[in-house]
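**Student:** One predicted model, sequence on top.
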Amino acid sequence: MSDPYETTEAHLERLLGRALNSFDLPDRLVERLGTALAHSSSLYTTHHSPEAGIWRETHRHTYLLTDGGSVSLWELTYRLEGDRSVRHEVFASKAETCLAVTRLFGEASAGASPDPVLVPGEDEPEGDVALLSALYAAQAPMRRHREYAVEDSADHARRVLRRAENADRPGEPVTTLLRSAYAHQITQAFGARHCLADGRGAGFSLYEHAFVLLDGTEVSLWEVEHTATPDGRHMCEVYESEAAARGAMELRARVR
């Protein structure tokens with residue numbers, strides 16, 4: 001059973017630790033998985049045949065990465081005939097998983113009767129990624145390590161707010177508050193992600209501009225940069241919260 005409170009890092013460590021063949025995964029793939037922010041696991045197929053001594057399940061584990069992309073690992077869980085122990089293998093694609101089923105259970109088992117698909121939808125995990133994005137956006141903001149630079153931070157805040165084109169950008173109270181900023185840090189919270197918006201390609205990036213005020217208060221502005229505009233031009237929007245910024249990205253990706 002999966003633990004709903006298990007961190008993504010712990011989940012990935014447990015998955016790779018129990019897989020007999022985790023060392024076969026490409027190094028580049030494992031490196032990317034090290035940046036995973038959130039995960040979703042689902043039972044994809046199952047085949048239980050006590051008469052034939054066959055028991056196997058395929059699970060899909062989808063990970064949302066810091067660069068805005070996603071990666072899926074396919075886990076084959078099975079028992080061989082006459083063996084009560086459960087074994088695990090993990091693969092980078094569904095095709096590799098099917099080959100493993102053929103290797104372990106033979107051509108007849110792999111080809112005569114396909115396992116019932118328990119999870120509806122396409123083979124690609126777009127639905128899982130959308131869900132992960134929504135869940136990650138809904139989480140309380142993560143406490144990030146800060147390394148503030150003492151610069152002309154009040155002017156930086158003014159310039160960020162000035163280039164914001166969204167009607168619901170922060171108003172005068174925030175502008176006034178940030179006039180006392182004396183240090184700031186810029187962090188890319190969401191890498192350049194390209195997707196289809198209204199049938200055309202569009203790019204999205206999200207930046208956190210974190211400020212320290214004279215009284216020690218920390219205030220952040222969340223800047224969305226995207227090209228999901230009617231003419232494809234670059235546009236900046238600024239929000240007071242990460243959740244609002246991510247919500248705007250999801251909306252812009254669907255409608256222009």
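**Tutor:** Yes, it's here. Residues are numbered from 1 along each chain as shown.
**Student:** Specify the next element, helix or strand, located C-terminal of the helix or strand containing residue 182.
**Tutor:** In this assignment (DSSP states H and E), residue 182 forms part of strand 181-197. The helix or strand immediately downstream of strand 181-197 is strand 200-213, counting by DSSP H and E.
**Student:** Dump that next one to CSV, restricted to CA.
**Tutor:** In CSV, the C-alpha atoms belonging to strand 200-213 read as follows (Å, rounded to 0.1, in the frame of the first residue of the first chain):
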residue,chain,number,x,y,z
ARG,A,200,-0.4,26.9,-31.2
GLY,A,201,2.8,26.5,-29.3
ALA,A,202,3.3,28.7,-26.2
GLY,A,203,6.1,28.9,-23.6
PHE,A,204,5.7,29.5,-19.9
SER,A,205,8.1,30.4,-17.1
LEU,A,206,7.5,31.3,-13.5
TYR,A,207,9.8,33.4,-11.3
GLU,A,208,9.7,34.2,-7.6
HIS,A,209,11.0,37.7,-6.7
ALA,A,210,11.5,37.5,-3.0
PHE,A,211,12.2,40.7,-1.0
VAL,A,212,13.3,41.6,2.5
LEU,A,213,11.8,44.8,3.9
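**Student:** Each with direction, which strands does it pair with?
**Tutor:** In the sheet, strand 200-213 lines up against strand 181-197 (antiparallel), strand 218-226 (antiparallel) (DSSP bridges).
**Student:** buried residues in it?
**Tutor:** Neighbour counts over strand 200-213 (16 or more other CB atoms under 10 Å) mark 202-213 as buried. No exception for glycine: its C-beta is placed from N, CA and C like everyone else's.
**Student:** Looking at that strand now, give me its mean pLDDT.
**Tutor:** Mean pLDDT, computed over strand 200-213, is 82.
**Student:** Then stretch 88-100?
**Tutor:** 91.
**Student:** got the domain boundaries for the chain?
**Tutor:** 8-138, 153-254 (automatic domain parsing).
**Student:** Worst mean pLDDT among those?
**Tutor:** Here the domains of the chain differ in mean pLDDT, and the lowest is domain 8-138 at a mean of 77.
**Student:** Residue 74 sits in which helix or strand?
**Tutor:** Per DSSP H and E: strand 70-79 holds residue 74.
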